[in-house]
Each structure stands twice: as C-alpha cells, then as structure tokens.
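Trainee: Generate a structure from the sequence data that follows.
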Amino acid sequence: MTRKAVVFGGTGFLGRRVVRHLLDHGYAVRVASRHPGRGKTIFPSNAPQLEVVRADIGEDASIRDAVMDAFGVVNAVSLYLERGSQTFHSVHVEAAARVARHSRGAGVTRMVHVSGIGADPASPSPYIRSRGEGENAVRAAFPEATIIRPAVMFGPDDAFLMPLTRLLRKFPAFAMFGSGQTRLQPAHVGDVGEAIAYLVDAAQPETVYEFAGPRIYTYRELLEKISNHFGSRHAFVPMPFVIWQSLAYIAELLPRPPITRNQVELMKIDNVSSVWPGFNALGIEPRGIETVLDASERSHPNFMS
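Mentor: This next block holds a predicted model:
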C-alpha cells in the first residue's frame, strides 16, 4: 500500500519543493493549506497521488482530519510578519505543538518540523525565540520528531537572492546591513526539499539536521559575488542596524513590506551550520548560488545591464 505524507504549508516556498520530492519518492501526498486554491495553480491537475485540502494549523479539527491515515507529516509553515492573531508565538510555538500532538495521536510514524539555523528560545528577538520555543514544543508533543534547520534559502522565486540581484541591477550604490560582516551559508531550497523527503523515508533519522550550502560568505562578500558574476561594479555602504530597524518598522505598515524587523534581527547573527549533520549525511551535494545566478542570466540576458 502506498504510504501517505502530509505537508502543512505545502504551497509555500519550501513546502512545494517538499511535495514534489515526496511524490518522486513514491508517496501519496496530501497538501494541507489555509489556501488550497493555490495548489491548483502550483501542482499538476493530473497527479493521481496528490490531493490538496484546506487545513488551518490554528484549528484542532482540521489538523486531525489532515493527518488521518498519514505515515509522515511535515510542518513547513512559517511566519515572517505578525498580523492580528497571527503572531510568531501562535504559529511557531502553539500551532507547531498542535500539529505535532495530533500527528502523534493519529499514529504518524515520521514527524519532520522545519525550524531554522539560529533558533534560540533564549533570544531577545521574538522571531528567533519563537523558533527555538517551537522546537521544544514539538519535541514535548512528539519526542521522535526530526527538527530541520535550514540556512537562509535561495531559489528561482526566493525572497533573498533574487531581490538582491534586482536591487544591484538598479542602484550603483548599495546599503549593507551593518558593516556587512554577518556570515551566511545560503542553501538551495530544492536541496532542502529533497533532504526533507529523504528524512520522511529514512529508517532512523537523527533528531536534528542543519542544511546549509557549500560556501560561507560574509554579507559583503555575497554582494560582491553577485555583482562580479554579472560584470558590474558597486559601492557598498555600511548602514547601522538601528537605521534598518527604523526603516523596517515603517515598511511593516505596507501591505507587502520589502523588509521586516525580524529580517533585520536575523542579519545581526551568523547564519551558518554548526555540529549537527547536514546534506553530506544524506548523500546530497548542495548547490551554490551560481546555479540560480546562471539561470537568471540565461533567462534575462540583460539581467544586470
């Protein structure tokens, strides 16, 4: 009998990659989303092993329905901007615990929870703290759960690398976060999706994995890499984090803010892997940012002109 995997947040940036890799692994996949209509535009309509259902991680009943008869559950839901009742704590802690609790109650064998590198329950940042508290809440509800901590992710439709390339295309001078010395180890979202699908299928996965790319950059080095890749020159100007925080506070008043305060907080700390197993433990060779930069250049020959 075909095993079933449920992906909460399966229409999101990472979630839809997880869905596709699970299908490649032979799973029947149930995409659980607050907006199931998005699934019809993202996934092929003729995929017999795929179903898209409405599920709100704030509602116990819809979670129970979604995880029914599932072998594996992946929680890839995340929040980057608080709005009304949708807070970092309600999504990353309370809802994560709810998904884990109902998954365990339904007899789910494999639970994978997506967190992030740097998650810390003692952090003064509400976002980073909620990620760390969420990990603890998931472990308490489902002790055998596997915690996934990706580095900042990039891909063809990301909110990280592609916006940087567009900004560098438009402006000869670029304001950096602080002095540009924060270290980053970007991971390809497709590689993270493949790794998660592998872990749902694994016999005895480790408790924590940190997935990061093949190279560590300072933020300034990353900007220089993008600029040099397209043969352009820029002036990189340091800007204090306190100014970025003020700008982000104002930006959050917009319907779709280009930057948020939690993103500024994340840029204050290094985003690199530590002692936990990563891609190498799964036999996955991570891709560098060149793969996306090259694809962008082929699609848009005048990308940086």
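
Trainee: wait, doesn't residue 79 sit right on residue 89?
Mentor: No - using Cβ atoms under 8 Å, residue 79 and residue 89 do not qualify as a contacting pair, with a distance of 9.7 Å. For the C-beta atoms, the positions are set from N, CA and C on the backbone; glycine is no exception.

Trainee: Next up, the contacts around the closest residue to residue 153 other than its chain neighbours.
Mentor: Nearest non-adjacent residue to residue 153, counting by Cβ to Cβ, 6 or more residues apart in numbering: residue 189, 4.4 Å away. Contact analysis of residue 189 by Cβ atoms under 8 Å, 6 or more residues apart in numbering lists 13-14, 17, 153-155, 158.

Trainee: where's residue 189 relative to residue 224, distance?
Mentor: Computed with Cβ to Cβ, to the nearest Å, the distance linking residue 189 and residue 224 is 23 Å.

Trainee: can you check residue 89 too?
Mentor: On the measure of Cβ to Cβ, residue 89 and residue 224 end up 38 Å apart.

Trainee: if we can go back for a sec, just curious, which of the contacts of residue 189 is nearest to residue 293?
Mentor: Lowest distance from residue 293 to those (Cβ to Cβ) belongs to residue 154, with 9.5 Å.

Trainee: Just grab the bridge partners of the closest one for me.
Mentor: According to DSSP bridges, the partner residues bridging residue 154 are residue 188.

Trainee: mind listing what residue 93 touches?
Mentor: Each residue near residue 93 by Cβ under 8 Å, 6+ apart is listed here: 130, 133-134, 137.

Trainee: And the longest helix along the chain, what's buried?
Mentor: Taking residue count as the measure and DSSP state H as the definition, the longest helix of the chain comes out as helix 126-141. Residues of helix 126-141 classed as buried by neighbour count (16 or more other Cβ atoms under 10 Å): 126-135, 137-139, 141.

Trainee: which outside residues touch that helix?
Mentor: For helix 126-141, the external contacting residues (Cβ under 8 Å, 6+ apart) are 75, 80, 88-89, 91-94, 96-97, 100-101, 104, 111, 113, 115-116, 118-123, 145, 147, 262, 265-266, 269.

Trainee: Filter the residues you listed down to just the buried residues.
Mentor: 75, 88-89, 91-94, 96-97, 100-101, 104, 111, 113, 115-116, 118-119, 123, 145, 147, 262, 265-266.

Trainee: Can you show me the CA trace of the longest helix of the chain as PDB?
Mentor: Output for helix 126-141, consisting of C-alpha atoms alone and laid out as PDB, is shown next (Å, rounded to 0.1, in the frame of the first residue of the first chain):
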ATOM      1  CA  PRO A 126      10.600  37.400  19.200                       C
ATOM      2  CA  TYR A 127      11.100  35.700  15.900                       C
ATOM      3  CA  ILE A 128      14.300  33.800  16.700                       C
ATOM      4  CA  ARG A 129      12.900  33.000  20.200                       C
ATOM      5  CA  SER A 130       9.700  31.600  18.800                       C
ATOM      6  CA  ARG A 131      11.600  29.300  16.500                       C
ATOM      7  CA  GLY A 132      13.600  27.900  19.500                       C
ATOM      8  CA  GLU A 133      10.500  27.600  21.700                       C
ATOM      9  CA  GLY A 134       8.700  25.900  18.800                       C
ATOM     10  CA  GLU A 135      11.400  23.200  18.600                       C
ATOM     11  CA  ASN A 136      11.000  22.500  22.300                       C
ATOM     12  CA  ALA A 137       7.200  22.400  22.000                       C
ATOM     13  CA  VAL A 138       7.400  19.900  19.100                       C
ATOM     14  CA  ARG A 139       9.800  17.600  21.000                       C
ATOM     15  CA  ALA A 140       7.500  17.700  24.000                       C
ATOM     16  CA  ALA A 141       4.500  16.600  21.900                       C
END
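
Trainee: what is the mean pLDDT for it?
Mentor: Along helix 126-141, the predicted local confidence has a mean pLDDT of 97.
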